[in-house]
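Peer 1: A predicted structure for the sequence below; I have some questions about it.
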Amino acid sequence: VQLQASGGGLVQPGGSLTLSCVGSGFSLDYWGIGWFRQAPGKEREGVSCISSGGGSTFYADSAKGRFTISRDKAKNTVYLQMNSLKPEDTAVYYCAAGDRSGNWQYWGQGTLVTVSS
């Protein structure tokens, strides 16, 4: 069972990136998937999550209107589309799979997003 997060990189302010979270060894269909981030010197924070069925999504205030979370069941992948990126979005982004009790049981290794001119 493994989650692989990818898609990070260096982008200028106002730019866009799409992060991917791919599941291997298990189907993401039955798990809520969350995106978290941790900036240098700061605690990890939740960014967005999507329910197991994909019918419900949540966004932190910092992500509302700029980020979109989605699922591709055929690819066993959850995406985080990030637009209008700001320097304060700079962080390592992690994806995690959570059960119905709200426990985040599996974590990806993280992908670095740097927003800088």
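Peer 2: Perfect, I can see it now.

Peer 1: check which helices and strands the helix or strand containing Trp35 sits against.
Peer 2: Element membership of Trp35 [criterion: DSSP states H and E] is strand 32-38. Counting contacts by 3 or more Cβ pairs under 8 Å, 6 or more residues apart in numbering; DSSP states H and E, strand 32-38 is packed against strand 17-24, strand 45-50, strand 67-72, strand 77-82, strand 91-98. Bear in mind the C-beta positions are built from the backbone N, C-alpha and C, glycine included.

Peer 1: just put those strands in JSON lines and tack on mean neighbour count and mean pLDDT.
Peer 2: Formatted as JSON lines, the helices and strands packed on strand 32-38 follow (neighbours: other Cβ atoms under 10 Å; pLDDT from 0 to 100):
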{"stretch": "strand 17-24", "mean neighbour count": "19", "mean pLDDT": "97"}
{"stretch": "strand 45-50", "mean neighbour count": "20", "mean pLDDT": "97"}
{"stretch": "strand 67-72", "mean neighbour count": "18", "mean pLDDT": "96"}
{"stretch": "strand 77-82", "mean neighbour count": "22", "mean pLDDT": "98"}
{"stretch": "strand 91-98", "mean neighbour count": "22", "mean pLDDT": "97"}
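
Peer 1: for Gln2, find the nearest of those strands.
Peer 2: Gln2 lies closest to strand 17-24 among the helices and strands packed on strand 32-38, at 4.7 Å (Cβ to Cβ).

Peer 1: if we can go back for a sec, then the strand holding Trp35 to PDB, C-alphas only?
Peer 2: These are the backbone C-alpha positions of strand 32-38, laid out as PDB (Å, rounded to 0.1, in the frame of the first residue of the first chain):
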ATOM      1  CA  GLY A  32     -11.200  10.000   1.600                       C
ATOM      2  CA  ILE A  33      -8.100  11.700   0.200                       C
ATOM      3  CA  GLY A  34      -6.600  14.900   1.700                       C
ATOM      4  CA  TRP A  35      -3.900  17.300   0.600                       C
ATOM      5  CA  PHE A  36      -1.800  18.800   3.400                       C
ATOM      6  CA  ARG A  37       1.200  21.100   3.300                       C
ATOM      7  CA  GLN A  38       4.000  22.100   5.600                       C
END
